[in-house]
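In: build the 3D model from these lines:
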Amino acid sequence: MEIKKVVEKNFGSKIDERIGFEIRNDKIYFFNKELKNIYEFLRLKGLKVEKLGIYFGRLKKNEKIQLSIEGAQFVGKDAKKNLIKIDNFEKLIKFLKGEESLEISNNVEKHNFPIVKYKDYIICSAASLENEIKSLFPKNPRKMLFE
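Out: Okay, here's the model as predicted:
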């Protein structure tokens, strides 16, 4: 599966040719392709390198990607669809805490993983269900921010 095509299909965002992807299990990692050469060189020299890249997200069925916070920030800057804009700070906080869901807009495909944006900041990805959008803001940052 070509990750760049899936990203373009889901978010309308093109990814630079210098970016590469590696899939391990159902997790996607992204990296600058120049790092791949360094990675291979280090392995040839006998050095153990655990992973290459930054966690981008998870592959889901029907060519959907649930983006990590870093993946959402990388893709969201150019996203043209599956993008939710929240302009009210209090509403954003309630959404991130999981206390409030959002309505599905015309720009968001049902049963997908839209990107959440507050003003000019990309925050995270979410889950669009049949009639609402639920927060997928990770539990650890949620605990650090709100408890």
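
In: check contacts around K81.
Out: For K81, the contact set (Cβ atoms under 8 Å, 6 or more residues apart in numbering) comprises N10, F11, G12, N107, V108, E109. C-betas here are computed from N, CA, C, even on glycine.

In: quick check, it in a helix?
Out: No. Judged by DSSP: H, G, I helix; E, B strand; the rest coil, K81 forms no part of a helix; its state is coil.

In: ok now the lowest-mean-pLDDT helix or strand in the chain, how far from the chain's centre?
Out: One helix or strand of the chain scores below all others by mean pLDDT, DSSP states H and E: helix 139-146, with a mean of 73. The chain centre lies 18 Å from the centre of helix 139-146; the measure is Cα atoms, centre = their mean, to the nearest Å.

In: go on, stretch 133-147?
Out: 15 Å.

In: hmm, who's touching it?
Out: Counting by Cβ under 8 Å, 6+ apart, 66, 69, 84, 93, 95-98, 101-104, 108, 113-114, 116, 123-127 sit against stretch 133-147.
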